[in-house]
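Student: what follows is a protein structure lacking sequence information:
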């Protein structure tokens, strides 16, 4: 219970002063709401309303042009019966399992390397690592087809130097997802910058103490660096997991869009790609909405598991949770 | 407290539902009040979606069409390929464009959804002779017995081979034109080269998955029944056709190797596969003759039509069409006239003349235009100029193919149908399934989609 709700006599505050305070608080609240209103309106119109509307559409048969007709939970029943849903979920799950650890490990490795570099060279390499992030995803999809071409691609060319006959990354179903996971490293720069900031925040005294105790680089990394930056690693894992579950642009461009107009590969049929096909190619908006809600539930469940696991493995120095 | 919360949720859900029903609406307006008259003076704004006047063939006809509309009509182009969602949303919102320019294979689905109107009255009022259009093109825009689109352009496929590689292997173009599948197999083996485990010359490329309908037709079956209701994807003849076409890749190291090599080629440049002697033969759309003639005029080319197994020339027709959206009654007369003038013989001839003039100025041959209008094609064919051999043969074969086209009938689930067979062919190419299994699965998917779409349409949706 706040002080302002106490009786004037009990609180010992002058009633006139209290009224003035209340008026000032109301004015402040109105001003705050006024300044927040663009965001609130934007949120309601562009986020809350579409979320609510998609929930409604998921219970309808809707093809954009005709009125939605209510069909209850038929779309959700169809989700269970549609074999491509299981395929798309499986593809997405495998991609996530491949991509997230790879992405995080490479991000940490590059951030640690950058942290060792001098101030000037570090700035240069920071920019270099971040630049590919600026490439449009569609261009990355096309680039994937060029770099990973089984016959004349750069990746197989480099593998050839080591006597390795590289696989058909863009057509062999077994290699499509690993190829896309490796290609996703193209945009690793964003995570590297975040991790570098975390690394620079680790107190130097910890390393000095460890060195005095005879800890080598590996011991310092595993016992000090990783625990100290674990909240940042956790953040990157969560964000990347969600992004991996929603992966679309590069795979769509390479296997379903401008890169290939008729050739496609089931191995690259990720969940959101199938959702897009249902919504915008077949105009099954109701079914696509049900698919979106299923994905929401899956992502929420995975994130909840990650949060639960994080209690055991993530170290918060201030322990403010 | 919980009851109050639940009430709020219920009210919100009802509100969402009400708003949702306000946000959409059926716009299938009857066209009874529309008066089409070839001589009427027109006025208003004509918004055209999906058409971009990018070359002389487009701009010449566009100028004639806008002139025919008169000063009272202002034409506004929404350029770029037709954005289906944008178009359907506009129709649903009651604010459709006056005219859309779509792929012919989209017409069936649009008609089934009630997004476009039948053009019977337009054709009658503007006195459009439908017999001038190629039969295959007109079939593609005819749905449930009514014409829903005015067709234009036609794309056909030709056999394009490297004469030097054929000659070195003791072969002729007849061996790779598709009429004799054993000969094609032998030619692929004879011309294919593999250096150190890597494909260095593709013998024959059967151009899967896109040309699967052509291979199936060559073997005597259409992928869908004439009434557009029954998928025939796992017909034994279709399965046999797929086995053959995939087998050609298999004997050259598999589709992966051929596709990877194909993808690495300088397709539109001077270093294309024919000019660099790394491709024996493949089937390709007719426009590639112009590309090759422009970038590698000395390429050792040999051309023929695609031949069915019984030896007849055969081509799968595709192209564009003009359609009038449902609910655009006010502007429909102007839209109809615009479509009529864009596709009539005189406009095509004028456009062909503009191109001929440009090609003459560049010192290059005029190789013709396939218009989708048989009468116009005949006149334009007479305007073709010689480019010497083998290009003259290429153009001759292009017109021969144009005279022997087929198309798949319009149906209300075109996108699903196409995805079903393409995915099936791709699964076979990727080594995931055998042709029979893949096409059985595709048949099931396609038939379900067709049944659902027809049922929805017949239930009045």
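Tutor: Good, I have the coordinates. Remember, predicted model here, so these are calculated numbers, not experimental data.
Student: tell me which element the residue in the stretch 1-150 of chain B that chain A sits nearest to falls in.
Tutor: When scored by C-beta to the nearest C-beta, the stretch 1-150 of chain B has residue B:88 as its residue closest to chain A, at 4.2 Å. All C-beta spots, glycine's among them, are computed from the backbone N, C-alpha and C. Using DSSP states H and E, residue B:88 falls within helix B:84-92.
Student: so for that helix, what gets flagged as buried?
Tutor: B:84, B:87, B:88, B:90, B:91, B:92 (16 or more other C-beta atoms under 10 Å in any protein chain shown).
Student: which of the residues you listed sits closest to residue A:179?
Tutor: Minimum distance to residue A:179 across the buried residues of helix B:84-92 is 30.6 Å, recorded for residue B:84 (C-beta to C-beta).
Student: rewinding a little: what is the mean pLDDT for the helix holding residue B:88?
Tutor: Helix B:84-92 carries an average pLDDT of 87.
Student: and residue B:296, how far from residue B:277?
Tutor: Between residue B:296 and residue B:277 the computed distance is 11 Å (C-beta to C-beta, to the nearest Å).
Student: which neighbours do those two share?
Tutor: Taking C-beta atoms under 8 Å, 6 or more residues apart in numbering or on different chains as the contact rule, residue B:296 and residue B:277 have no neighbour in common.
Student: where does pLDDT dip in the stretch 1-150 of chain A?
Tutor: A:1-12 (pLDDT under 70).
Student: repeat the analysis, applying 90 as the threshold.
Tutor: Scanning the stretch 1-150 of chain A with the threshold set as pLDDT under 90 gives A:1-21, A:63-67, A:112-146, A:149-150.
Student: domains for the chain, by residue range?
Tutor: You didn't pick a chain, so chain A it is. With domains defined by automatic domain parsing, chain A comprises A:3-57, A:81-313.
Student: I was after chain B.
Tutor: Per automatic domain parsing, the structural domains of chain B span B:30-156+B:318-409, B:157-316+B:412-458.
Student: can I get those domains in CSV with distance to residue A:303?
Tutor: Below are the domains of chain B laid out as CSV (distance: least, C-beta to C-beta, whole Å):
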stretch, distance to residue A:303
domain B:30-156+B:318-409, 30
domain B:157-316+B:412-458, 32
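Student: out of those domains, which comes closest to residue A:286?
Tutor: domain B:157-316+B:412-458 (12.2 Å).
Student: quick check, the closest one touching chain A?
Tutor: Yes: Domain B:157-316+B:412-458 lies within reach of chain A by C-beta under 8 Å from any C-beta of the partner chain, at B:197-199, B:209-210, B:255-257, B:259-261, B:263-264, B:413, B:415-416, B:419, B:422-423, B:426-427, B:429-432, B:449, B:456.
Student: make sure residue A:184 is actually in contact with residue A:99.
Tutor: Yes: with contacts counted by C-beta atoms under 8 Å, residue A:184 reaches residue A:99, the gap being 5.3 Å.
Student: what's the overlap in contacts for the two?
Tutor: Contact criterion C-beta under 8 Å, 6+ apart; residues shared by residue A:184 and residue A:99: residue A:247.
Student: how close does residue B:422 sit to residue A:129?
Tutor: Distance from residue B:422 to residue A:129, by C-beta to C-beta: 39 Å.
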